[in-house]
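1. here you go, sequence then predicted model.
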Amino acid sequence: MRGVIERLSDEGLGILRDGRREILVPHTAPGDTVEVLRWRRKKRKLIATEFKVLEPSPIRTEPKCPYFGRCGGCLLQHIPYEEQLRFKASKLSKYMGLNVNVIPSPKIYGHRNRVDIVISTTGIGFRRYGTWWEAVDIEECPVFGDSSGKVLKALREFIEDEKLSLYDIRKNGGFLRYIVIREGKFTGELMVNLVTKEGNLPESFPDYFPFASSIYWSVNRSDSDVSYGDVERFWGNPFIREKLNDVLYLIHPNSFFQTNSYQAVNLVKKVTELVDGEKILDLYSGVGTFGVYLAKRGFNVEGIEINPFAVEMANKNAELNGVKAKFRVGSDKDVENLSEYDTVIVDPPRAGLHPKLIRKILRDEPEKIIYVSCNPKTLSENLSALGEKYRVENAIGLDMFPHTPHVEAIVELRKV
Ligand SMILES: C[S@@+](CC[C@H](N)C(=O)[O-])C[C@H]1O[C@@H](n2cnc3c(N)ncnc32)[C@H](O)[C@@H]1O
């Protein structure tokens, strides 16, 4: 089937229309003339698996990464950045039913502070687009930056010198599974976390990474293909630090941190601008990214989060910055007395707010809610439910994830 890609789908794939049928073609741009030779069905969608670009669209730009098109990490490097922003703004506007601007990421390469590199018999790099069994061998990741090249070179030397086996996902055999690299972009501190199956790691391991301030060895004893495990040993510092303006945060191999540090600065600044009053609830507080930042500015902050380790990290972050924010373990559906807070910040996972939490918000009627969302669909559903008592005062998009279809939103809601 041949034709012209008319626009991008929400998932960032080019849409080729054939009558009433749509085929989604990865790594294509609006205006490309393509011929699709094969496709597969995924849920209720048709996705091209073999296709040719017969005539490239004039809007295309040269991707910076030599692995683009094979690597499963980025989908949109061939789309000029202004177009990526327009695509994200229209996606947010469509779901929210109002015009939303998207704040560009201050950097569009070298911005990611974390990469999870697959170590497998098929390559050391990222999963090949559309597969779970194959990896694309890479020398560095431009989206992370130069230190990825240093780590990958050192890792390959270590593997060769020590004759180590690589993971075979189909057979669940081999020793080395992942290396996760994390970097404090504003502190220059680097962490490597080697994830293996159970076994003996040669003592020489840390000698290969003298440029890293924190070196970890974790063991994933399960068959599941995840890039974390139980910490077996570490060398150097137990944490690296990242700095957003004047606030320091600790990063541990098993803790989350916003992955684009440069744009995370804009995220915390925007949330701070929108906060009203003195007493703030940071719900789904994670490692305290918002809560600690706000406490440093004099707000009285409480945080609630379901993951005990994240709560421990958030309290450590408060202590590190000499502020009194209090974070505790709790679930969204069990929060009470929301009317005690002047502003409630919610930053839920992709599934959005728990229906019980929505009922409690509507019952307790806190004056102001700041909703931070990474999923426009659940955001818009939750906003309709809250619409009974809350009016949207302000909505902005932030591009935390250049070259991917994802977009973050901050919505300010006030009680009507
Ligand atoms: C999008 S992240 C928020 C991250 C946080 N704002 C930060 O920057 O570190 C969502 C957080 O919600 C937490 N979470 C997931 N389900 C939850 C629940 N039922 N109740 C409370 N927190 C939950 C997750 O552990 C995660 O830390």
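-> Arrived safely, thanks for sending.
2. backbone dihedrals for Leu76, please?
-> phi -120, psi 20 (degrees, to the nearest 10).
3. could you measure from the nearest residue to it once chain neighbours are set aside over to Asp146?
-> Closest residue to Leu76 apart from its sequence neighbours, by C-beta to C-beta, 6 or more residues apart in numbering: His403 at 4.8 Å. Where you see a C-beta, it was placed from the backbone N, CA and C, and this is true even at glycine. His403 sits 18 Å away from Asp146, going by C-beta to C-beta, to the nearest Å.
4. who has more neighbours, these two?
-> The neighbour comparison of His403 against Asp146 (other C-beta atoms under 10 Å) goes to His403, with 27 against 12.
5. hmm, that one is touching Gln77, no?
-> Yes - His403 is in contact with Gln77 according to C-beta atoms under 8 Å; the separation is 4.8 Å.
6. residue contacts, the residue nearest to Leu76?
-> Counting by C-beta atoms under 8 Å, 6 or more residues apart in numbering, His403 touches Cys74, Leu75, Leu76, Gln77, Gln84, Ile108, Val143.
7. find the nearest non-adjacent residue to the first one, please.
-> What it means is Cys74. Cys74's closest residue in space is His403 (C-beta to C-beta, 6+ apart), at 4.0 Å.
8. need phi/psi at that neighbour.
-> phi 70, psi 10.
9. who does the nearest residue to Cys374 once chain neighbours are set aside form a beta bridge with?
-> Leaving aside its chain neighbours, Cys374 sits nearest to Glu408 (5.5 Å; criterion: C-beta to C-beta, 6+ apart). With DSSP bridges as the criterion, Glu408 is bridged to Leu398.
10. count of residues packed around Glu408?
-> Glu408, neighbours per other C-beta under 10 Å, totals 26.
11. ok, it touching Ala395?
-> No - because the distance of 11.6 Å does not satisfy C-beta under 8 Å, Glu408 is recorded as not touching Ala395.
12. and the end-to-end length of stretch 64-80?
-> Its start and end residues considered, stretch 64-80 measures 11 Å (C-alpha to C-alpha, to the nearest Å).
13. give the buried residues for it.
-> For stretch 64-80, burial by neighbour count (16 or more other C-beta atoms under 10 Å) applies to 65, 67-68, 70-79.
14. identify the residues contacting it?
-> 8, 11-13, 26-27, 29, 59-63, 84, 87, 109, 125-131, 136, 138, 141-143, 402-405.
15. equivalent analysis for stretch 308-317, please.
-> By C-beta under 8 Å, 6+ apart, stretch 308-317 touches 248-250, 252, 254-256, 285-288, 291-292, 303, 305, 325-329.
16. ditto for stretch 161-181
-> 114-121, 124, 132-133, 144, 147-148, 151, 155, 158-159, 190-197, 199, 202, 204, 220, 223, 225, 227-228, 253.
17. check which residues of it are buried.
-> Leu164, Leu166, Tyr167, Ile169, Gly174, Phe175, Leu176, Arg177, Tyr178, Ile179, Val180, Ile181.
18. now do stretch 403-416
-> His403, Thr404, Pro405, His406, Val407, Glu408, Ala409, Ile410, Val411, Glu412, Leu413.
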